[in-house]
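Undergrad: Quick one, what's the 3D model for this:
(chains A, B and C)
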Amino acid sequence: MIKEMNTEIFSIEKYLRQDRLPHIWCPGCGIGPTANCFLRAIERSNIDPDRIALVSGIGCTGRVAGYIKLDSFHTTHGRAIPFATGLKLANEELNVVVFSGDGDLAAIGGNHLIHAARRNIDMTVICVNNFIYGMTGGQAGPTTPFEARTTTSRYGCFEDPFNLPYLLSASGSPYVARWTTIHLRQLEKTIAEAMIKPGFSFIEVISPCPPIFGRMNKQPQGLDSMHYYQEKSVIRNGEDPKEVGMELGGPIIVGKFVDKECPTLQDHLLQVCDRAKGKSKT
Amino acid sequence: MFNNCHEGPNLLYLHDLVVKLWRKSFDAEDIAIKPSQVQIDKERCKGCGYCVEFCPREILKICSELSPKGYYLAMVNDDSRCLACGFCELVCPEFAIKVYTGNS
Amino acid sequence: MAENQALVGEYFVSGDVACAEGAISAGCRFFAGYPITPATEIAERMSIRLPQIDGVYIQMEDELASMAAVLGASWAGKKSMTATSGPGFSLMMENLGLGIMLETPCVLVNIQRGDPSTGLPTMVGQGGMMQARWGSHGSYEIIAMSPSSPQEIFDLTIVAFNLSEKYRVPVIIMSDEAVGHMSEKVVMPYVAPESLITRQRPVVSPEEYRPYQPEANLVSPMALAGEGYRFHVTGLTHDERGYPVMDAEVQDRLVRRLVDKIRVNINDIIRYKEVEIDNADIIVCAYGITARIAQMAVKMAREEGIRAGLLQLITIWPFNEERIRKLSSQARAFIVPEINYGQIVLEVERCAGDRARTVLVPHMGGSVHSPQTILEAIREASR
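TA: Below you'll find the predicted structure:
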């Protein structure tokens, strides 16, 4: 499926909207490296960039759409996935990628996330998880670890977070992976794999948010978070998604957890069309 | 201000030892490293230190030069040891680094 | 089935079905919706018809997703539509705003029912009229039309698609449960695909293309995803390049253009029907199912010797200010029957000013007015 990564170096500048740089992300923010991996994954996967539609929501990660030179849509909060669903269903030649944050995808967009996984619609969702609502100043979200400090959980977060790979796997996503922003080589390969694979793919990227989540949770520098990922992450490909929940100060289990073959929404729709036109006998 | 997160001389010593004794491949003498150049865009660099920290050959460092926005810039300390692995280019959150190999 | 894959002929169908067939005649090939009484039949009809003609029907998880999917499908090149009622309409508001901001052609059908809130799901209402105009946040203009019969909903759905493509704006069909659920004869003519309006496409190269550089009619050509234009569009305030710009000057330019593109083209957009208006002294101004009852009341009034006339508003938004203003010098009073506690009457009153009285004949919903009720009001006004 994918050629072994060669060491050829190429520039991603052609994929950046030069007239919009420098970007708004903070020093040490993990969104930049994640976007970098995504752009390289396009090259590695040999997908025609003209056929890629990038959809993002609201938030720091949502700003990715504005810096990348592809057909890109910066939509409403939480609704990137249904927008992307419309794009894909109306033109199946499009390779649709949703690039958004943990709050956008799992809180307000949670319903759409699980339904898209259930439908197994052909799209790739890259969820940059910094455990917080960064753009609005640092409020707790559905992935904020228990006891973590945020501006709306100053005594420690009193809710248990989602285990996103578990959620997505249970919803039916045939491809679920998690990496951190230190695992960039793996991330690039995973994104390329996910974009090529038919059906729904979900990639969670654990990312530093130094001035906000980091500052409030004993990782004031980006490097503190990156060292944490280095020390505490454990690669366990094929791990049961149920076991990959995260705790404050605990290990981060990364890897490709789910990769199976399932008929996609497109496959089913074609069948339906055939029946509607009276071609099939069933 | 960039803080060196490796505290304590003991760890540094061990780290050095490991680098010197362990991370040398058996065919290191036989393979010629292509000359390469690492360029850092001074307008974009925000001195986060990722490139410095994660370069496997430690050829980058944070210097005292300030960017137009007031960040301490990363710069190349020693080009000659660069393997053109491209990790600095990949990890830079600002898209500020470009690695050029001998041919390009 | 005709070569345009639409139904052609005379059929006895409900308003909901007629709406769905009108959409197909107009070239609609994408429907995303959610079941809600009394609009469910539109979704059901689309779920049967679209797979027959290589279209896509998808039932989304809620109305927010439905509206978002409709926008996405439009950006991928398909004429797209959704249908809902009051509670769903409320849910769609944010993405309707996105559709307006991105300037996305699409059609939104609201088969109104008793309200507010869950109200009377299976019974008629007309309480969403102001919401159609102001439901989403911000200063914008929208096009909304009210059909008064299954025939009209068929015809107006085609008009709606044409207008939405021409002006790159979501168009709303504000119907009601009475029209949606009644069955009548609907003549479905063959609509040649060439006669339909489709969004203007860019003629320049991708490097030169600016997504929001307007032409003379204040509308810009629209590129589609996947064609190599590599455009960026956002719900944030943006300039001609489509890039977000946090600037009062850019905001001024953008908001004015979004509004003016409808206002300067108002003559192309406004539709209405008049019955016995020429020497009318008391004018009944009605829309939707109420217009039909009003027509009966006007007839009865004429029989009694009252010079009554009917102005049926077909285009509700933008509001037909000019016609009301003109008629207000001719008529003594406007009677406005509506199945709500007074919404469009506010517009009529605003336009009539001091020149004519404006009388509201409200009905809270659950059934339609009786002709007698409207006739009473006409009599009262003519004394």
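Undergrad: quick one: the residue in chain A that chain C sits nearest to and residue A:176, what's the gap?
TA: Of all residues in chain A, residue A:86 sits closest to chain C, at 2.6 Å by Cβ to the nearest Cβ. Every residue, glycine included, has its C-beta placed from N, CA and C. Distance check for residue A:86 against residue A:176: by Cβ to Cβ, to the nearest Å, it reads 24 Å.
Undergrad: which residues does the residue nearest to residue A:25 when sequence neighbours are not counted contact?
TA: Spatially, and ignoring its direct neighbours in sequence, residue A:25 is nearest to residue A:31 (5.2 Å; Cβ to Cβ, 6 or more residues apart in numbering or on different chains). By Cβ atoms under 8 Å, 6 or more residues apart in numbering or on different chains, the contact list for residue A:31 reads A:25, A:60, A:61, A:63, A:64, A:128, A:207, B:93.
Undergrad: Which of those residues are buried? Put it as a ChimeraX command.
TA: To isolate the buried members of the contacts of residue A:31 in ChimeraX, using 16 or more other Cβ atoms under 10 Å in any protein chain shown:
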select /A:25,60,61,63,64,128,207 /B:93
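Undergrad: For the helix or strand hosting residue C:350, list every residue counted as buried.
TA: Per DSSP states H and E: residue C:350 is located in helix C:344-352. For helix C:344-352, burial by neighbour count (16+ other Cβ under 10 Å) applies to C:344, C:345, C:347, C:348, C:349, C:351, C:352.
Undergrad: one step back: so how many other residues sit close to the residue of chain A closest to chain C?
TA: 32 (other Cβ atoms under 10 Å in any protein chain shown).
Undergrad: Now do the buried residues in the helix or strand just after the helix holding residue C:350.
TA: Next helix or strand after helix C:344-352 toward the C-terminus (DSSP H and E): strand C:357-362. Residues of strand C:357-362 classed as buried: C:358, C:359, C:360, C:361, C:362 (neighbour count, 16+ other Cβ under 10 Å).
Undergrad: What residue, apart from its backbone neighbours, is nearest the residue of the stretch 1-150 of chain C found nearest chain A spatially?
TA: Nearest residue of the stretch 1-150 of chain C to chain A, counting by Cβ to the nearest Cβ: residue C:72, 2.6 Å away. Closest residue to residue C:72 apart from its sequence neighbours, by Cβ to Cβ, 6+ apart: residue A:86 at 2.6 Å.
Undergrad: How many residues are close by the closest residue to residue C:313 other than its chain neighbours?
TA: Nearest non-adjacent residue to residue C:313, counting by Cβ to Cβ, 6+ apart: residue C:287, 4.3 Å away. Residues within reach of residue C:287, counting by other Cβ under 10 Å, total 28.
Undergrad: per-residue confidence for the closest residue to residue C:314 other than its chain neighbours?
TA: In space, and not counting its chain neighbours, residue C:314 is closest to residue C:271: 4.1 Å by Cβ to Cβ, 6+ apart. pLDDT recorded at residue C:271 is 98.
Undergrad: Same question for residue B:20.
TA: Residue B:20 is assigned 64 on the pLDDT scale.
Undergrad: Likewise for residue A:1?
TA: pLDDT, residue A:1: 37.
Undergrad: go on, the one 3 residues further on?
TA: Predicted confidence (pLDDT) for residue A:4: 42.
Undergrad: Then the one 5 residues further on?
TA: Looking at residue A:9, its pLDDT reads 55.
Undergrad: what are the bridge partners for the residue most central in space within chain B, then?
TA: Centroid-nearest residue in chain B, with Cα atoms, centre = their mean: residue B:60, separated by 3.4 Å. Going by DSSP bridges, residue B:60 is paired in beta bridges with residue B:76.
Undergrad: so which of the buried residues of strand C:357-362 would you say is closest to residue A:90?
TA: Comparing those against residue A:90 with Cβ to Cβ places residue C:362 closest, at 42.0 Å.
Undergrad: hey, what's that closest one bridged with?
TA: residue C:338.
Undergrad: now the angle between strand C:357-362 and the helix holding residue C:350, please.
TA: Helix C:344-352 runs at 170 degrees relative to strand C:357-362, counting by axes from the mean of the first three to the mean of the last three Cα atoms, to 10 degrees.
Undergrad: Could you find the closest non-adjacent residue to the residue of chain B found nearest chain A?
TA: Relative to chain A, the nearest point of chain B is residue B:93 (3.2 Å; Cβ to the nearest Cβ). Leaving aside its chain neighbours, residue B:93 sits nearest to residue A:32 (3.2 Å; criterion: Cβ to Cβ, 6+ apart).
Undergrad: give me the element residue 25 is part of.
TA: Answering for chain A, as no chain was given. Short version, using DSSP H and E: residue A:25 is in no helix or strand.
Undergrad: Backbone dihedrals for it, please?
TA: Here is the backbone geometry of residue A:25 (degrees, to the nearest 10): phi -80, psi 150.
Undergrad: Now do the host helix or strand of residue C:18: which elements does it pack against?
TA: Using DSSP H and E, residue C:18 maps to helix C:15-25. Under the contact definition 3 or more Cβ pairs under 8 Å, 6 or more residues apart in numbering or on different chains; DSSP states H and E, helix C:15-25 sits against strand C:9-14, helix C:40-52, strand C:79-84, strand C:106-114, helix C:150-167, strand C:170-176, helix C:177-181, strand C:183-188.
Undergrad: is the helix or strand following it anywhere near chain A?
TA: Reading on from helix C:15-25 to the C-terminus, the next helix or strand found by DSSP H and E is strand C:28-33. Yes. Shown here: strand C:28-33 in contact with chain A (Cβ under 8 Å from any Cβ of the partner chain) through C:29, C:30, C:32.
Undergrad: Flag every buried residue along stretch A:233-240.
TA: A:233, A:239.
Undergrad: can you list contacts of that stretch?
TA: A:180, A:182-183, A:186, A:206, A:244, A:251-257.
Undergrad: returning to what we had before: so the residue nearest to residue B:93, which of the three states?
TA: Look at residue A:32: counting by DSSP: H, G, I helix; E, B strand; the rest coil, its state is helix.
Undergrad: Give me the below-cutoff pLDDT ranges for the stretch 1-150 of chain A.
TA: A:1-10 (pLDDT under 70).
Undergrad: is it true that residue A:16 touches residue A:68?
TA: Yes. Between residue A:16 and residue A:68 there is a contact at 6.7 Å, judged by Cβ atoms under 8 Å.
Undergrad: For the residue nearest to residue C:110 when sequence neighbours are not counted, grab the count of nearby residues.
TA: Among residues not flanking residue C:110 along the chain, residue C:89 sits closest, at 4.9 Å (Cβ to Cβ, 6+ apart). Using other Cβ under 10 Å, residue C:89 is surrounded by 26 other residues.
Undergrad: which element is residue C:89 on?
TA: Secondary structure assigned from DSSP H and E places residue C:89 in helix C:86-91.
Undergrad: Using CSV, write out every CA atom in the next helix or strand after that helix.
TA: As assigned by DSSP H and E, the chain's next helix or strand after helix C:86-91 is helix C:93-102. Output in CSV follows, covering the C-alpha atoms of helix C:93-102 (Å, rounded to 0.1, in the frame of the first residue of the first chain):
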residue,chain,number,x,y,z
MET,C,93,-29.9,28.8,12.4
GLU,C,94,-26.1,28.8,13.1
ASN,C,95,-25.3,26.9,9.9
LEU,C,96,-27.8,29.0,8.0
GLY,C,97,-25.6,31.9,9.0
LEU,C,98,-22.6,30.0,7.7
GLY,C,99,-24.4,29.5,4.4
ILE,C,100,-25.1,33.2,4.2
MET,C,101,-21.5,34.1,5.1
LEU,C,102,-19.9,31.6,2.7
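Undergrad: For helix C:93-102, name the packing helices and strands.
TA: Packing contacts for helix C:93-102, counted by 3+ Cβ pairs under 8 Å, 6+ apart, involve helix C:63-75, strand C:170-176.
Undergrad: who touches that helix?
TA: Helix C:93-102 is touched from outside by A:73, A:75-76, A:79, C:64, C:67-68, C:70-71, C:75, C:104, C:106, C:108, C:131, C:135-138, C:140, C:142, C:169-170, C:233-235, C:258, with contacts defined as Cβ under 8 Å, 6+ apart.
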